[in-house]
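> Sharing a sequence plus its predicted fold:
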Amino acid sequence: MEQSLLKHSPGPGVLAMPYWDWTVSPNSKVQLPPLALQGEWTNGPKHGGGASGTTSRNMGIQDTDYFRGLVKTAFKQTNYVQFNQQIVLPHNAIHGLIGGDMGDARWAAYDPVFYLHHSYVDLQFAYYQELQRLRFFTVTQKSFCKQAQSAQLQPFASKHVNPFAPSRDNSVGYQTLNYEQIFCYKYAELLFDGLTPPEFIEREEQEMKAPSILAAVPLNTTGLPSTVEFELISPNLGSLAVGSFYSLANGQDQNFSAYNNFLQNYFDFTDIVSKTHDLNKLIDDEDLKVRITDITNGPIEFAYQPMVVYRSANSKQHTYRVHINDIKKYAPISHVQPGAKLQFLDGTGKQTTDTIQEVIKNENGVEVQVGITTDLTLKYNEHKFVHLPTGTELIIGHAPFFECDASGDPTCNPDYFNPKAQAVTVIHWDADVSKQVVTALVGDQILLFAWCQGQFANVKMLTTKEEFDSCSNLDAAEARYGPASNLVNTTVAGTFYFANGVNDACINGWKVKIEVVVPYTG
């Protein structure tokens, strides 16, 4: 589209590609830009798949605050997995709000407003690139998965379809990062909510001083356009706030209950409820729940129960709450924020561990049940829990940021993100790990030890260099078979020592020293 505009432009920049910032509006309601309501911009001819005629729209009503909130939540993510998962939510919601053919992935690109919409999504990624640079997590070619370093995006890579060399010859993910040099365009300004990227980070740091409350909602995988509506409720306070997510149709009528992506989708209620309630009191309300209220194009009973997620003031750690009375309603697998805590609450809203056990495999490969603690920290990619009275099993842990290749080595997982930003580092946890020099950035960097099939290991942090050198004060508690990964806490700067406590693994070199350093800002 942009290349076509440039080809017919009477001069440089005269027909530059416009974008539509749908987070701002004169009346606080999302409105189509005037250009999208003029002449040939109102619709386009549909092609392929037996389609005929022109595109149509069915514009709905939604506040710009809603979209700003979704984008803001995405920009707060410091690794690409969560950012990619979150930024697609407002993107999808715009498709659903415009309706008509924009709500169906098969025909959306035939509506000219598609390009105004996606040009703004491109700006959002440029904004996020700058945020990551300021966070010292600049995305480069080396940040990409090996599998993604040659994966071409079709049909742009095809000379039979795409006559324009810039996008045809630069269709691999990392090639699109330097858009100013490769594609010869730049934005007049990078602004969101009136803030430059440095101002956004400054505001984010201020907001960290107060608590936050979110909903973690697993979305269905369905070929039908679906809006999932939910509310934050308390038995004592009633309905506090509402939210919704839109799933873009792909034209395949699949079983509504078939989920294949267990990453949570986050709706941040903080800005809404802080206007009328004390956030510190709300996060202490253990009866607080998120309830699905409606689903279009699907039965509500197939929706999984969302989780309430909160963050205490001056903390980066999130806590997820599971209400045992609703244990059968939760998704069987939930991928949550790395390093999060988990609380199980009984029917009275109080924390309990009496009826919940964690299931792990011992050295003989036999599953055994072990007790859990309150405010359990989710260190592994998979924590398997069983509710003893009902036998219901839940697997909760951080997203699988790795996969095991044919040789049994952990690599980044291209099914979950592409590219992999430097905010995530995966270290092969084996007897050769002691040969590595590992340095991590204090703050938001995700550092994982990962091991694959056939390996039985745990990750123990030792308190002194003497313990590290002598491999003392170790045990095999929490050891598990791969594939597995263990999250390293990088929120505090310093020198830290880790070892595998199983048998003689540490003595045989299965240990490593990690330096967590403050980024240089000079």
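Thanks, I have it.
> got the contact list for Thr319?
Residues in contact with Thr319 (C-beta atoms under 8 Å, 6 or more residues apart in numbering) are Val309, Tyr310, Arg311, Ser312, Ala340, Lys341, Leu342, Gln343, Asp375. Quick note: C-beta positions are derived from backbone N, CA and C, even for glycine.
> wait, I meant Leu131
Leu131 neighbours (C-beta under 8 Å, 6+ apart): Phe75, Pro197, Phe200, Ile201.
> please redo it, this time with the cut-off set to 10 Å
75-78, 83, 137, 190, 192, 197-198, 200-201, 204 (C-beta atoms under 10 Å, 6 or more residues apart in numbering).
> Quick check: bridge partners of Val370?
Val370 has these beta-bridge partners by DSSP bridges: Glu358.
> Can you name the two of the contacts of Thr319 that sit furthest apart?
The most widely separated members of the contacts of Thr319, counting by C-beta to C-beta, are Ser312 and Leu342 (14.9 Å).
> Between those two, which is the more surrounded one?
Just comparing Ser312 and Leu342: by other C-beta atoms under 10 Å the higher neighbour count belongs to Leu342, 24 against 16.
> Got the confidence number for that one?
Predicted confidence (pLDDT) for Leu342: 97.
> And for the one 3 residues further on?
Per-residue confidence (pLDDT) for Leu345: 96.
> Run through the neighbouring helices and strands of whatever helix or strand Gly96 lives in.
Assigned by DSSP states H and E, Gly96 belongs to helix 80-98. Judged by 3 or more C-beta pairs under 10 Å, 6 or more residues apart in numbering; DSSP states H and E, helix 80-98 is in contact with helix 64-75, helix 113-134, strand 226-234, strand 238-247, strand 265-268, strand 333-336.
> so the third one versus strand 238-247, what angle?
Inter-element angle recorded for strand 226-234 and strand 238-247: 160 degrees (by axes from the mean of the first three to the mean of the last three C-alpha atoms, to 10 degrees).
> Name the nearest residue to the residue nearest in space to the middle of the chain, ignoring sequence neighbours.
Nearest to the mean C-alpha position of the chain, by C-alpha atoms, centre = their mean, lies Gln82 at 1.7 Å. Among residues not flanking Gln82 along the chain, Gln337 sits closest, at 7.1 Å (C-beta to C-beta, 6 or more residues apart in numbering).
> How about the contacts made by that neighbour?
Neighbouring residues of Gln337 by C-beta under 10 Å, 6+ apart: 77, 79, 81-82, 214, 216, 264, 266, 309, 311, 316-320, 378, 398-399, 446.
> Mind checking which of those land in strands?
Among the contacts of Gln337, the members found in strands (DSSP state E) are Leu214, Ala216, Tyr266, Val309, Arg311, His318, Thr319, Tyr320, His398, Ile446.
> Any chance of CSV for those residues, columns distance to Thr425 and pLDDT?
CSV is the format used below for the ones in strands among the contacts of Gln337 (distance: C-beta to C-beta, whole Å; pLDDT from 0 to 100):
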residue, distance to Thr425, pLDDT
Leu214, 26, 98
Ala216, 25, 96
Tyr266, 23, 96
Val309, 25, 97
Arg311, 23, 97
His318, 21, 95
Thr319, 25, 97
Tyr320, 24, 97
His398, 14, 88
Ile446, 7, 79
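> Please read off the pLDDT at the closest residue to Asp409 other than its chain neighbours from the model.
Among residues not flanking Asp409 along the chain, His428 sits closest, at 5.8 Å (C-beta to C-beta, 6+ apart). On pLDDT, His428 comes in at 91.
> Tally up the residues packed near His428, please.
By the criterion of other C-beta under 10 Å, His428 has 17 neighbours.
> What of Asp375?
The number of residues packed near Asp375 is 11, by other C-beta under 10 Å.
> tell me the contacts of it?
Asp375 sits in contact with Gln317, Thr319, Lys341, Leu342, Gln343, Gln351, where contact means C-beta under 10 Å, 6+ apart.
> tally of neighbours for the third one?
Using other C-beta under 10 Å as the criterion, Lys341 is surrounded by 18 other residues.
> That one is in contact with Met307, isn't it?
No. Assessed by C-beta atoms under 10 Å, Lys341 is found out of contact with Met307, at 12.0 Å.
> shared neighbours, the two?
Contacts common to Lys341 and Met307, judged by C-beta under 10 Å, 6+ apart, are Thr319, Tyr320, Arg321.
> Just name the closest of these to Pro12, please.
Nearest to Pro12 among the shared contacts of Lys341 and Met307, with distances taken as C-beta to C-beta, is Tyr320, at 52.0 Å.
> Is the closest one bridged to anything, and to what?
Residues in beta-bridge contact with Tyr320 (DSSP bridges): Val309, Leu342.
> Next up, the contacts around Leu378.
The contact partners of Leu378, taken as C-beta under 10 Å, 6+ apart, are 318, 320, 334, 336-342, 396-398, 487.
> can you check Phe449 too?
Applying C-beta under 10 Å, 6+ apart to Phe449 gives the contacts 379, 410, 426-430, 433, 438, 457-459, 484-488, 498, 500, 512, 514.
> Skip the chain neighbours and tell me the closest residue to Gln175.
For Gln175, the closest residue by C-beta to C-beta, 6+ apart turns out to be Ile182, at 6.2 Å.
> Ramachandran angles for Lys32?
For the record, residue 32 is Leu, not Lys. phi -60, psi 140 (degrees, to the nearest 10).
> can you count the residues close to it?
18.
> right, and it touches Met59 too?
Yes. Using C-beta under 10 Å, Leu32 is in contact with Met59, at 6.5 Å.
> could you dump the ones in strands among the contacts of Gln337 to CSV with distance to Glu40?
Converted to CSV, the ones in strands among the contacts of Gln337 look like this (distance: C-beta to C-beta, whole Å):
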residue, distance to Glu40
Leu214, 42
Ala216, 43
Tyr266, 39
Val309, 46
Arg311, 48
His318, 47
Thr319, 52
Tyr320, 49
His398, 48
Ile446, 47
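> Next, give me the two most distant ones among those.
Pairwise over the ones in strands among the contacts of Gln337, using C-beta to C-beta, the maximum falls at Leu214 and Ile446, 18.9 Å.
> Tell me where this protein has helices.
Under the criterion DSSP state H, the chain carries helices at the ranges 2-7, 64-75, 80-98, 113-134, 165-168, 179-182, 197-207, 270-273, 279-283, 465-470.
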